[in-house]
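**Q** Pasting a predicted model and its sequence here:
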Amino acid sequence: MPQLILDDGTCFTGRSFGAKCDAAGEVVFNTAMTGYPESLTDPSYKGQILVLTYPLIGNYGVPGRAISEQLSKHFESGHIHISGLVVASYSAEYSHWNSLESLSEWLKEHNVPGICGIDTRALTKLLRERGTMLGKLVQHDPGETGFYDPDRENLVSQVSTHEKETYPGGEENIMLVDCGVKNNIIRCLLGTGATVTRVPWDYDFTGDDYDGLVVSNGPGDPLQCAITIRH
């Protein structure tokens, strides 16, 4: 039986969906009632096992891959960034005019495991009282997978863009340092009427000409971004 095991020894047993593999990371929770496609593709969740507190997940499937202004209309990036997904009740049947596939099928495509049948209320109360904890989602033998602390790595370098990108707008230019920016931040910046220039996390922007500078949020420990801090 698949299990979610926390680093304090607490164990939750449930049922598997998504990819049939193990995963480890930091266990965090999200209390949104809708928007799981956006949450799963948010780069800020890189290296984390995400617990969704809303009891029914998957009932509207996963939307199509429409693009607008060089950005996905329904996702916050081009990839799923979570390491694993924990829900109370997973709905294999889905219905929505814009749905393309089920949540389980989408997770399989990205090799991300999910577990359902978990008392997410009890789990969330535990995380709320003790703070975020390390955990692992295992399918069979718990000893095969160790715990993993994502804060020990520079996660920003893994999710940032690798090249300079321009999103055309008006005459004013906003320099956006991508430390794990989600698409909606770019949409909001474009909504000001400005052109947005998106650059990698370690890009030296000190010699560029721009009207505004935005350093985005992102995953992991910000102290790992020593180059960005220096710039």
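**A** Received it, and whenever you're ready, just let me know what you need.
**Q** Kindly list the longest strand within this structure.
**A** Taking DSSP state E as the assignment, the strand of the chain that covers the most residues is strand 23-30.
**Q** top helix in this structure by residue count?
**A** Under DSSP state H, the helix in the chain containing the largest number of residues is helix 120-130.
**Q** Against which helices or strands is the helix or strand that comes right after it packed?
**A** Proceeding C-terminally, helix 120-130 gives way to strand 133-138 as the next helix or strand, assigned by DSSP states H and E. Secondary-structure packing of strand 133-138 (3 or more C-beta pairs under 8 Å, 6 or more residues apart in numbering; DSSP states H and E): strand 3-6, strand 23-30, strand 48-52. In this view, the C-beta of every residue, glycine as well, is placed from N, C-alpha and C.
**Q** coming back round to it: what comes up buried for the longest helix of the chain?
**A** Judged by neighbour count using 16 or more other C-beta atoms under 10 Å, the buried positions of helix 120-130 are 120, 123-124, 126-127.
**Q** Output the contacting helices and strands for that helix.
**A** Using 3+ C-beta pairs under 8 Å, 6+ apart as the contact test, the elements touching helix 120-130 are strand 23-30, strand 48-52.
**Q** Please repeat the previous calculation with a cut-off of 10 Å.
**A** Based on contacts counted as 3 or more C-beta pairs under 10 Å, 6 or more residues apart in numbering; DSSP states H and E, the elements that helix 120-130 packs against are strand 3-6, strand 11-13, strand 23-30, strand 48-52, strand 84-86, strand 133-138.
**Q** which residues make contact with the helix or strand following the fifth one from outside it?
**A** Proceeding C-terminally, strand 84-86 gives way to strand 89-90 as the next helix or strand, assigned by DSSP H and E. For strand 89-90, contacts defined as C-beta atoms under 10 Å, 6 or more residues apart in numbering pick out 14-18, 52, 54-59, 102-104, 114-118, 120.
**Q** And the helix or strand of the chain with the lowest mean pLDDT, how far out from the chain middle?
**A** Every helix and strand in the chain was compared by mean pLDDT, DSSP states H and E; the lowest is strand 67-68, with a mean of 89. Strand 67-68 has its C-alpha centroid displaced from the chain centroid by 20 Å (C-alpha atoms, centre = their mean, to the nearest Å).
**Q** Kindly report the same for stretch 197-211.
**A** Offset of stretch 197-211 from its chain centre (C-alpha atoms, centre = their mean): 24 Å.
**Q** Can you name the residues that contact the most far-flung residue of the chain relative to its centre?
**A** Centroid-distance maximum for the chain: Glu171 at 32.5 Å, with C-alpha atoms, centre = their mean. With contacts defined as C-beta under 10 Å, 6+ apart, the neighbours of Glu171 are 193-195, 211.
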